Structure formats: C-alpha cells, structure tokens
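J.: Let's see this in three dimensions:
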Amino acid sequence: CQEDGMVGLGVGARSYAGDVHYSSEYAVASREVRGIIQAYSERDAASFGEVRYGFVLNAAEQRHRHVVLSLLAEGVCPVQYRQRFGTEARADFPMLAELEAHGLARDVDGVFQLTDAGVERSDLIGPWLDSEAVRARMREYAWR
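T.: I've put the predicted structure just below:
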C-alpha cells in the first residue's frame, strides 16, 4: 500500500490514495457505531465522492506515511526509501534509533523491522511517529 495506495472500507477505515490520506468517522461504543452506520446508510450517491476527514500529504507527510506503513508491515527497506524519496530513512526519522535502542525494532537482512515486542506495541508506535502537523490536525477533529 506504500506504493499503490489502499482504500479502506467500513467505519473508521483509513485510505491512502496517491497523496491523499483520509478516513471515515469511527466510534467504539455500540450506540455511536450504530449511529455512524445509520448515517452512512442514509447517504446519497454523490456524498461518497466527498472526503470529510483527511488531507493532501506534502512531501514530508508522504515520507511519514511510507515509514509508518512500512514499519507496521514488512519493514522499512532503505534502498526503496532512497529510490522513492532521495534521502535516508534513518536520517529523516532519527526516532527509529530509539525503537532499536529499546529493543522494539532491528535490522533484519538490511530491512528495519519491528521485533515481537515492537509488534506488541505497534498501536503506540504508529501514533508516536506522527508528525506535529498531523497531531495538530487530529486535535482539530477531536471529540469534545
């Protein structure tokens, strides 16, 4: 999905299409989930062409997306990263060294991958890697 994009289906699914990252509403409590499903089922066909939660990724955010998606999947391949972005992943994301220092990631045959402990903590690692710009956008959408 780092190269081709990915369309997520369902409540809260994230999609990555070209330089756009978007998602739909999500909830945890069953009442709120039912409300989202109800609103979804009442939408007209034209509304499915709209993105309500998302943004166009600049070059820096495309790097972030690539690293997060790669790290949470098969790992960050430095050769692929360099070919795509013309820079080094470890130089662009010095926090990767912190993952390694804490035993959460390691180099495996030239690919930077999460360890078992890193996979166990991947729900924390992904948001930890978010840029400040993404965190600010998320605060804009926060439930009050």
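J.: so where is this structure shaky, pLDDT-wise?
T.: 1-18, 20-27, 141-144 (pLDDT under 70).
J.: now the helices: where do they sit in it?
T.: 30-41, 59-71, 78-85, 89-92, 95-101, 116-120, 122-128, 132-141 (DSSP state H).
J.: Format those as a markdown table; extra columns: mean neighbour count and distance to Phe48.
T.: C-beta: built from backbone N, CA, C; applies to glycine. Shown next, in a markdown table, are the helices of the chain (neighbours: other C-beta atoms under 10 Å; distance: least, C-beta to C-beta, whole Å):
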| stretch | mean neighbour count | distance to Phe48 |
| --- | --- | --- |
| helix 30-41 | 12 | 10 |
| helix 59-71 | 18 | 23 |
| helix 78-85 | 14 | 30 |
| helix 89-92 | 15 | 35 |
| helix 95-101 | 14 | 37 |
| helix 116-120 | 13 | 34 |
| helix 122-128 | 13 | 27 |
| helix 132-141 | 11 | 20 |
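J.: want to throw those into TSV with distance to Gly49?
T.: TSV is the format used below for these (distance: least, C-beta to C-beta, whole Å):
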stretch	distance to Gly49
helix 30-41	14
helix 59-71	22
helix 78-85	29
helix 89-92	34
helix 95-101	37
helix 116-120	36
helix 122-128	28
helix 132-141	20
